Structure formats: structure tokens, C-alpha cells
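> give me coordinates for this.
(2 chains, ligands or ions: 1)
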Amino acid sequence: MKTAVNKIYNPEIECMSREAIREMQNERLQKTIRLVYDKVEVYRKRMDEKGVKPEDIKTIDDLHLLPFTEKTDLRDYFPYGLFAADLKDIVRIQGSSGTTGKPIVSGYTENDVEAWSEMVARALYAAGGGEDDIVQVAYGYGLFTGGLGAHQGATKIGATVIPMSSGNTERQIMMMQELGATMLCCTPSYATYLGETVKEKGLQGKIKLKSGCFGAEPWTEEMRQNLENLLDIDAMNIYGLTEMGGPGIAFECLEKDGMHINEDHVIAEIIDPVTDEPLPYGEYGELVFTSITKTGMPLIRYRTHDICCLNPEPCACGRTHVRMSRITGRTDDMMVIRGVNVFPSQIESVLMRVKGVTPNYMLIVDRVNSTDTLEVQVELSEEMFTDTVSGIERIRDEIKENIKSVVGISVKVQLVPPKTIQRFEGKAKRVIDNRKLGF
Amino acid sequence: MYVKQISVYLENVRGTLREMTKTLAQNGVDMLALSIADTANFGIVRLVVREEQIPLTIECMRSAGFMVRMDEVICVQVPNKPAGLDSVLEVVDNAGLSVEYIYSFTISLENGALLIIRTNDNDKAYEALNKGKIKVYNQNEINSL
Ligand SMILES: [Zn+2]
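Next up is the predicted model:
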């Protein structure tokens, strides 16, 4: 049941004035730059190459003088090349297996684990959580930051944690029902799958969930609506990335109008992904983060390749930290179809506006006679099914026309039978690119 | 005034239709009328059963994994004489309605055949047929066939 109310975990920090935040950021940035210059050879070399000394960095306006950090740096300097602390002070390693080859890791000092736990604690409070809650963690546990991140945050707020990890849907639902879980933490696609299964089993009235924090993959407003209806909860967006220390970097409050970035721990910038120039508040571009409290592996101007925009306006919830919009795409999963930039999220939001369409779809990119083609496979649902062939064809044409008007390209829409599109328990993979590029 | 029709979505995969008819047979469903619409990608089977068998039909189709829906359609008696069907369609046409599909019952009566007729507007079609003195069957009459 939707009964979550707004709570602020650390009001002194979360509601401080913009000037005070800025002052705190300036001071912490100086300290961090000094630390990485002294302790991380890569950063010292790159700063020297640019002719920048730690003392040149006085305020956040000097950020643009600093070099970027890329994901490839984490691979190239794997495992310890970017660590700023001695291993004796590193108490934890988290990481991601990576889809290709070398993994990436992040090292945490005790201070970093503590800060991370508080960031997630703030997110859970913002979702109405507290010591009376029973939090079911259905993110994977292990190197992946989702499981342990949510676990630590829930522990920090004094809640009762059910460390389910991901998978085994039957058991998840059984435990959720029997133990009376009130909050859920997992990926939004897995939460949707759990919700669909709960509905199928006719258990909708028997689940006590009030809210959940869902992240580790981009999702849309329409997916939120669907998820909130399926489980009768407030479904909150939480953002993070392993490189910056995991989930909780930013989180939504119940206003559900952007995610508050924990600005006492990171500085967020938006840059033009092509020119690398910083963009003003309100403009869409690539999100770039600089750690300002981490001592294990602070990253400077880390390029997330996520596309979003920032909003510095005070929020109705009382928090003053800048809000980031939903991630509307990736600079690198952007598909270029016949010269047009297409984000899978754009197509998803079109699909979710058509009555009866479920968030299960696949995008197949191919090249036929030197022309790019995009096929959108959508699962037919009972709500879309009609007794006439023309009725079904009408829905197909509606989807096709809506995509054309939003994205600007013609696609082929294929309605496929229910349950034939793969369900994902972790990050959903929605694009198959069959184009054989090259010569 | 209307008759209930069950539609079943069929994938265009060999054996699907048989799987459907087998399930219906095993559950003792007696089909009074049946039609199949097929396209390159999928098929729609529509059927009419006696009212008492509707829940059973829907349930056995769903548990066999088929997608099912129910609609109300019009059932008319077509006079057993030349131009019988045309006289019905003339009424529908004159009312400015378009026909989505037509199919006939497996049993025929002494004084004519029974047809399911689906137009773009059930209520208007019902009114026009009544005015045109065409005999329209309701679900109760179908149940006692
Ligand atoms: Zn807020």
C-alpha cells in the first residue's frame, strides 16, 4: 500500500543553503585534488601534462582545468592503479565483471563505506523508510554494488533486512508475503517481473510493500506507473555507479521530480559529449562526477556517458541538493539509424503510452541493401488482443506512427505472442545490432 | 439480444490449431460455430458455445496458454432461399454499416441457416436488422440449440 511519507535522514546536510554547499564543495575539492596528485601517479602525470597544479584548483569553477577519467582508465590501471590509499586502509573491494574482458574495481576505506551507507540511508528515508521497515534486497550480492549497497543503507536506518539477492522469483514472492516486507530494492525490470508474477498469482492484496528503491538500469516514467500499479507502491528511482562507489549517488524524494545528488560527496557537471565543454543547468548532456570525500579511489571528472540534465531549484520536499533528471540515454548505446540518433528509452516511452503494451520489447537493428532498418518487437497482451485482424493491425500501426513522430524514423513493428520476449533479472538488454560494420 | 463469442489468439506455428481443438475436445466443449481468420503472422479463432460452457472454454484455453477474449456479436437467421444472405447484408449496408466478418453455424435449422455477423456498430446493426424483419437470435435461443 502506498503509505510512504517524506523523511529526511540528515537535514543539516540535505537542506543546507546552496552557498553553504558550494563552500563545502570548494574545500573538499581542494583536499581531494591534493590527495590524488600526491597519491595517484596517473592523475599527477595528467595534471602535469596539462600544466595544472593542485593549488590552481580553488573552487568548483576551476573543475574544467582538470583531466577527465574514463571507464577505460579503470581497466587500464586495474586493479590498484587509481587507488589513493594504501591497501592496509582499504577495507572493501566492489566491482563489475564487465561484459568484455577485464573487470573494473573500486576500493573503499572505512570512511568510504560509511559515506556510501549514509547515501543509501538518505535514499531509503526519502522513500519513507525507517527502523520499522522490513527491506527486501533483491539486487545481486557480491562484487556488484547493488546488493551490499542497499543492505548497508537499510542496516544504517535500523530497518530489518531480508538479503534475498536476485533470482528465484517464486521464493522472493513467498518471503515477501510471509515476512511482510514493506520495502523492495532491486532493478526496475526485475521489480516489474515480480509485480507481474504477483498479479498472475492473484496475490496483489496480500503484499505489504509500500515503496521501493529501484536502480542500476535506466527506466521511464511509464515503467514507474506500471510498476506502481502492479505492486501498489511508491516506486522510487535511485542512481549510482560502481566507479563512483555504488548506488545512492542520487535518489528521488516522494516528489518524484528528479533525483537529489548527494552534493556533499560528489560534484556533478553536465558537459557536451562532443565538444567536452561544460553546459549550464537545465541543458541535456553527459553527466560527469568528481568524488570529493572518497579516500580509497576518488575519481576526478569521471565521464558516466549517461545523458541527463540538472535542476538546482529548491525542492518541495525541503532538500536543496541539485536534482538530476532521469537518464534519457547513453552516449554509447545511442543507435545511429539512417543518420538519426535514437535512444532505446525514447522508443520505450512511446510503447508505454499505447494502451495494453507491456514494457517487454526488443529492438533489432540491421542493414538491408545498405539501408539501416529497425524492427521493434512488442509483446501482444490480452488488452491489445481483439476479435478482428484489423483491430490488431490498428495497434501495430499506431505504435509505428507514434515512433515515427517522436523519433523521426520509420520502423517495422512486429507484435509477438505473450511471454516470448526474454525477461531480465539484472540489466535488461533491449538492443540487438546485426549490422556488420566495417569492410 | 446479443450472442457471446470467444476469440482465441493463435501463433502461426505448426500444431497450434490442433493443440487448441484437442484441448477443447478433452474438456468436452461443444462448438456451435467456428471461424478462423489468418494472417501471415497470426490467426484468430472465433467460436460460439452454449452459455453454460463459456467459463469452461475460457478457463481451459487460458490454462493451455492461449490468449482469450470475449465479445458480443449478432446472430441472425438467414432465410433458406436464393438471395437469403444478400437480403441480410442489404439491411446492414443500407444502415451505413460495414461488416468486419461473417461466419455460419455448423448446424442449420429447418427454416434457414444461422450466421454470426460482426459490424462496426452492434447497436445500430441490431436496430436495423429488427426493423428489416430479420430474425435475430439471443443467447438463450442459442443455448437451447
Ligand atoms: Zn525533493
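
> which of the residues in stretch A:225-245 are buried?
Within stretch A:225-245, the residues that count as buried by 16 or more other C-beta atoms under 10 Å in any protein chain shown are A:226-228, A:230-245. C-betas here are computed from N, CA, C, even on glycine.

> near chain B, which of those show up?
Applying C-beta under 8 Å from any C-beta of the partner chain to those, one finds that nothing falls near chain B.

> so of these, which ones are in helices?
Counting by DSSP state H, those place A:226-228, A:230-231 in helices.

> residues in contact with the nearest residue to residue B:26 once chain neighbours are set aside?
Closest residue to residue B:26 apart from its sequence neighbours, by C-beta to C-beta, 6 or more residues apart in numbering or on different chains: residue B:60 at 7.8 Å. By C-beta atoms under 8 Å, 6 or more residues apart in numbering or on different chains, residue B:60 lies in contact with B:23-24, B:26-27, B:29.

> let's see it at 10 Å
B:20, B:23-24, B:26-29, B:53, B:66, B:68 (C-beta atoms under 10 Å, 6 or more residues apart in numbering or on different chains).

> for the helix or strand hosting it, which residues meet the burial criterion?
Here residue B:60, judged by DSSP states H and E, is contained in helix B:54-63. For helix B:54-63, a neighbour-count test (16+ other C-beta under 10 Å) marks B:54, B:57-58, B:60-61 as buried.

> and that helix, how far out from the chain middle?
17 Å (C-alpha atoms, centre = their mean, to the nearest Å).

> got the residues of chain B near chain A?
Those residues of chain B that sit near chain A, judged by C-beta under 10 Å from any C-beta of the partner chain, are B:5-13, B:16, B:37-39, B:41-46, B:62, B:65-71, B:73, B:100-101, B:118, B:120.

> give the buried residues for stretch A:318-335.
Result for stretch A:318-335 [16+ other C-beta under 10 Å]: buried residues A:319-331, A:333, A:335.

> who's in contact with residue B:34?
B:21, B:24, B:45-49, B:103-106, B:116.

> could you rerun that using 6 Å?
Applying C-beta atoms under 6 Å, 6 or more residues apart in numbering or on different chains, one finds that residue B:34 lies in contact with residue B:47.

> phi, psi of the residue in the stretch 1-150 of chain A positioned nearest to chain B?
Per C-beta to the nearest C-beta, the residue of the stretch 1-150 of chain A with the smallest distance to chain B is residue A:138, at 27.0 Å. Main-chain dihedrals, residue A:138, degrees, to the nearest 10: phi -110, psi 20.

> how much space between the closest residue to it other than its chain neighbours and residue A:19?
Excluding the flanking residues, the one nearest residue A:138 by C-beta to C-beta, 6+ apart is residue A:186, at 3.7 Å. Distance of residue A:186 to residue A:19, given as C-beta to C-beta, to the nearest Å: 38 Å.

> closest to the ion out of the buried residues of helix B:54-63?
residue B:58 (46.9 Å; C-beta to the ion).

> what about the helices in the stretch 251-400 of chain A?
Ranges of helices within the stretch 251-400 of chain A are A:344-352, A:389-407, based on DSSP state H, counting those that start in this stretch.

> for the residue nearest to the spatial centre of chain B, what is the enclosing helix or strand?
Chain B has residue B:116 as the residue nearest its centroid, 4.5 Å off, counting by C-alpha atoms, centre = their mean. Element membership for residue B:116 (DSSP H and E) is strand B:112-119.

> can you give me the buried ones in the helix or strand just after that strand?
Per DSSP H and E, strand B:112-119 leads on to helix B:122-131 as the next helix or strand towards the C-terminus. Of the residues in helix B:122-131, B:122, B:125-126, B:128-129 count as buried by neighbour count, 16+ other C-beta under 10 Å.

> mind giving me the domain split of the chain?
Picked chain A for this. The record assigns chain A these domain ranges, following automatic domain parsing: A:1-331, A:335-436.

> you looked at the wrong chain, it should be chain B
B:3-71, B:72-143.

> how about these in CSV, adding mean pLDDT and distance to residue A:359?
Converted to CSV, the domains of chain B look like this (pLDDT from 0 to 100; distance: least, C-beta to C-beta, whole Å):
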stretch, mean pLDDT, distance to residue A:359
domain B:3-71, 93, 18
domain B:72-143, 91, 31
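
> wait, which of these is closest to residue A:32?
Smallest distance to residue A:32 across the domains of chain B (C-beta to C-beta): 57.1 Å, for domain B:3-71.

> ends of that closest one, how far apart?
Using C-alpha to C-alpha, to the nearest Å, one end of domain B:3-71 lies 8 Å from the other.

> quick one: residues in contact with the helix or strand hosting residue A:118.
Assigning secondary structure by DSSP H and E places residue A:118 in helix A:110-126. Helix A:110-126 is contacted by residues A:7, A:9, A:91-92, A:149, A:152-153, A:156-157, A:213, A:238, A:245-246, A:248, A:251, A:253, A:262, A:265, A:293-296 when judged by C-beta under 6 Å, 6+ apart.

> cool, stretch A:84-104 as well?
Contacts of stretch A:84-104 (C-beta under 6 Å, 6+ apart): A:35-36, A:39-40, A:74-75, A:78, A:105-110, A:113, A:143, A:145, A:242, A:295-296, A:298.

> from these, which land in strands?
A:105-109 (DSSP state E).

> ok, now how distant is residue A:120 from the ion?
Using C-beta to the ion, to the nearest Å, residue A:120 is found at 16 Å from the ion.

> same question but for residue A:31, I mixed them up
28 Å.

> ok, that residue - contacts?
Residue A:31 touches nothing, counting by C-beta under 6 Å, 6+ apart.

> Three-state assignment for it, please.
Here residue A:31 takes the helix state, with states given by DSSP: H, G, I helix; E, B strand; the rest coil.

> for it, give me the pLDDT.
What the model reports as pLDDT for residue A:31 is 98.

> next: residue A:433.
With respect to pLDDT, residue A:433 has a value of 86.

> show me what residue of chain B gets nearest to chain A.
For chain B, C-beta to the nearest C-beta, closest residue to chain A: residue B:7, 4.1 Å.

> quick one: contacts for the nearest residue to that residue once chain neighbours are set aside?
Nearest non-adjacent residue to residue B:7, counting by C-beta to C-beta, 6+ apart: residue A:387, 4.1 Å away. Each residue near residue A:387 by C-beta under 6 Å, 6+ apart is listed here: B:7, B:46, B:71.

> will you turn these into TSV that also has neighbour count, secondary structure and distance to residue A:194?
Below are those laid out as TSV (neighbours: other C-beta atoms under 10 Å in any protein chain shown; DSSP: H, G, I helix; E, B strand; the rest coil; distance: C-beta to C-beta, whole Å):
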residue	neighbour count	secondary structure	distance to residue A:194
B:7	23	strand	30
B:46	22	strand	35
B:71	16	strand	32
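
> what sits against the residue of the stretch 1-150 of chain A closest to chain B?
Neighbours of residue A:138 in contact, by C-beta under 6 Å, 6+ apart: A:164, A:166, A:172, A:186.
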